[in-house]
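A.B. asks: Can you look at this prediction? I've put the sequence above it.
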Amino acid sequence: MSEFLLLLAAFLAVLLALSWPLGALMARIASRPANDGAGFGARMERGLLRLAGPAASTDQGWKAYAIALIAFNAVGALFVYLLQRVQASLPLNPEGMANVSPDSSFNTAISFVANTNWQGYSGEQTMSILTQMLGLACQNFFSAATGIAVVFALIRGFAAKSSSSIGNFWVDVTRSTLYVLLPLSIVLAVFLSAQGVVQNFASHVDAKMLEPITYSVPGADGAPATEARADTQTIPMGPVASQEAIKMLGTNGGGYFNANSAHPFENPNALTNFAQMIAIFLIPAALCFTFGRMVGDIRQGWAVLATMTLLFVVACCVAYSAEQQANPLLTQLGVDASASTLQSGGNMEGKETRFGIAASSLFAVVTTAASCGAVNAMHDSFMPLGGMVPMVMMQLGEVVFGGVGTGLYGMLVFAILAVFIAGLMIGRTPEYLGKKIQAYEMKMAALVILVTPCLVLLGTALAVTSASGTVGVANPGAHGFSEILYAVTSAANNNGSAFAGLSANTPFYNALLGLAMWFGRFAVIVPVLAIAGSLASRQRLPVTSGTLPTHGPMFIGMLAAVVVLVGVLNYVPALALGPVVEHLQLFGE
């Protein structure tokens, strides 16, 4: 446990050191007047906004902001869909990848536009270099910038002193990409390339293996199997480092390779693994400081960050403790856990030996607490309770740091709910950051909180009661149910990681998960923007002796309790049918 706690402490210390200055930078970016600034970046910004036309030069109310956002993302989804459907006829396709099927193209287009990056396909065997770069990598930038734009709009709603505007979507998405995502991605891509992550435009390479592999080939029509030998291995190439950087920084998660960050060409060593975890949380953590600066009280940002950190640390300890247990089924087979794991025991199934249990458990919680979905270990092979932690992290709404922008605006909705509950307790109209929380905000907050549970539970029910949904389940019983529950949870919460074991690249799942991803993204964003518009139109009230402090330990504890109670209670019966039952069966309790 000491090894894990040291890793966790180092992770949080580096994260804090990097996120503080980035938060200050983003606060200046979000608050800067239009057409302000000099230098190459400002000139590029003005040039891009001129391309957007007159719409980029006017303040927008929440409805105009929402329409621009949805239209932008709808066009992006259509572009990615069409690119996949005709990739066989386009350049930068050295392997001659065929056109992608309509249902898979539909699913993937929505997935990358919604910042989910769910992949029902094998990247190195399905997507051309052009599709990976022009379609998927570009949407990694745009979907992340969309999340940042939304949280900028919500923060302006809290900070405004009676205004009808929450900013301009085109300005916000341009600045987020130009000043935050692009520079950070360049730095991280160069670092990853230096560490051995592939970055080229070459076709696949056939490498001669040191030791040939002997495998069995089934005979035809009942004939006996024959042995075959292979002494070469096909090594896929491509612009991996550049896509890996924005994949992590934008909490996208879609891997260039099917094995994602467990692949040595995406994540070669312990240092790159640590850097990728930092990259996932960097912008979400920095946005907490951006929030505090923009509302004029940095303590508010610290309170939100402390709540996220508290929940994150608890989840990490639970996941690591579960994975430190030896699997009793392996023990019955006489497998020596301490010898097979190169550690002091524990469950190393599905994990890379170059990372071990500690780094794999931490990565699993990081990637699901954020809406990232990148994996360096197979969550399907975790112990039942160890696998339940990533599932719960998503079901909380991914507000424990969460995605780029999405984590903070999700946590602020829970903060609105927390002050509303506190107001009911003392018989006072609730306030948060000087803005009265009234019926309209609570209706919108209820929509934000209930959309994803409805999508998850109804989608899972449809899948487990449908022949098309159960035919792809490789594992019967509680574990098979967990695989379906995890897949729909991942899609509706825009995470993108998978439990594996579920054959989801079928018309049924491509359609079901595609719809869950779209509504899980935009049916949450629209009510958040409505809250922003409503709050922006109200005067900020002065602090009085009756104002509930929202920066101290009491509020942090209350906010954490509301997140856990409201976020998890919806899923308790489903979790009981899946990982909890599997745990009891495995340990005979």
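C.D. replies: Great, that's in hand.

A.B. asks: alpha carbons only for contacts and neighbour counts from here, please
C.D. replies: Noted.

A.B. asks: Which residue ranges of the stretch 451-589 of the chain form helices?
C.D. replies: For the stretch 451-589 of the chain, the helices defined by DSSP state H, counting those that start in this stretch cover 467-470, 477-492, 507-536, 553-569, 572-575, 581-587.

A.B. asks: Could you identify which of those helices is most buried?
C.D. replies: Greatest average neighbour count among the helices of the stretch 451-589 of the chain goes to helix 477-492 (a mean of 26), per mean count of other Cα atoms under 10 Å.

A.B. asks: What is the distance between that one and the centre of its chain?
C.D. replies: Mean C-alpha position of helix 477-492 versus that of the full chain (Cα atoms, centre = their mean, to the nearest Å) differs by 17 Å.

A.B. asks: mean confidence for that helix?
C.D. replies: On average, the pLDDT along helix 477-492 is 92.

A.B. asks: wouldn't residue 351 be in contact with residue 376 here?
C.D. replies: Yes: in terms of Cα atoms under 8 Å, residue 351 counts as a neighbour of residue 376; the distance is 7.3 Å.

A.B. asks: Settle it for me: which of those two has more neighbours?
C.D. replies: Under the criterion of other Cα atoms under 10 Å, the comparison of residue 351 against residue 376 puts residue 376 first, with 25 against 21.

A.B. asks: Just the local confidence number for that one, please.
C.D. replies: Predicted confidence (pLDDT) for residue 376: 92.

A.B. asks: and what of residue 37?
C.D. replies: pLDDT, residue 37: 61.

A.B. asks: Check which helices and strands the helix or strand containing residue 319 is in contact with.
C.D. replies: Residue 319 is part of helix 298-323 when elements are defined by DSSP states H and E. The helices and strands touching helix 298-323, judged by 3 or more Cα pairs under 8 Å, 6 or more residues apart in numbering; DSSP states H and E, are helix 270-294, helix 356-369, helix 384-395, helix 553-569.

A.B. asks: ok, 6 Å please
C.D. replies: helix 270-294, helix 384-395 (3 or more Cα pairs under 6 Å, 6 or more residues apart in numbering; DSSP states H and E).

A.B. asks: I would like the residues contacting the longest one, please.
C.D. replies: Applying Cα atoms under 6 Å, 6 or more residues apart in numbering, the external contacts of helix 270-294 come out as 19-20, 22-24, 27, 248-249, 251, 298, 300-301, 401, 404.

A.B. asks: any idea how far it is from the chain center?
C.D. replies: Averaging C-alpha positions (Cα atoms, centre = their mean) puts helix 270-294 13 Å from its chain's average.

A.B. asks: how about that helix: buried residues?
C.D. replies: 272-294 (16 or more other Cα atoms under 10 Å).

A.B. asks: on that earlier part again, who wins on neighbours among the contacts of helix 270-294?
C.D. replies: Highest neighbour count within these: residue 251, with 37 neighbours (other Cα under 10 Å).

A.B. asks: Can you point out the helix or strand that includes the residue nearest to that residue when sequence neighbours are not counted?
C.D. replies: Once flanking residues are discounted, residue 251 sits nearest to residue 372: 4.0 Å by Cα to Cα, 6 or more residues apart in numbering. Using DSSP H and E, residue 372 falls within no helix or strand.

A.B. asks: Residue 29 versus residue 15, what's the distance?
C.D. replies: As defined by Cα to Cα, to the nearest Å, residue 15 lies at a distance of 21 Å from residue 29.

A.B. asks: Repeat that for residue 13.
C.D. replies: As for residue 13, its distance to residue 29 is 25 Å (criterion: Cα to Cα).
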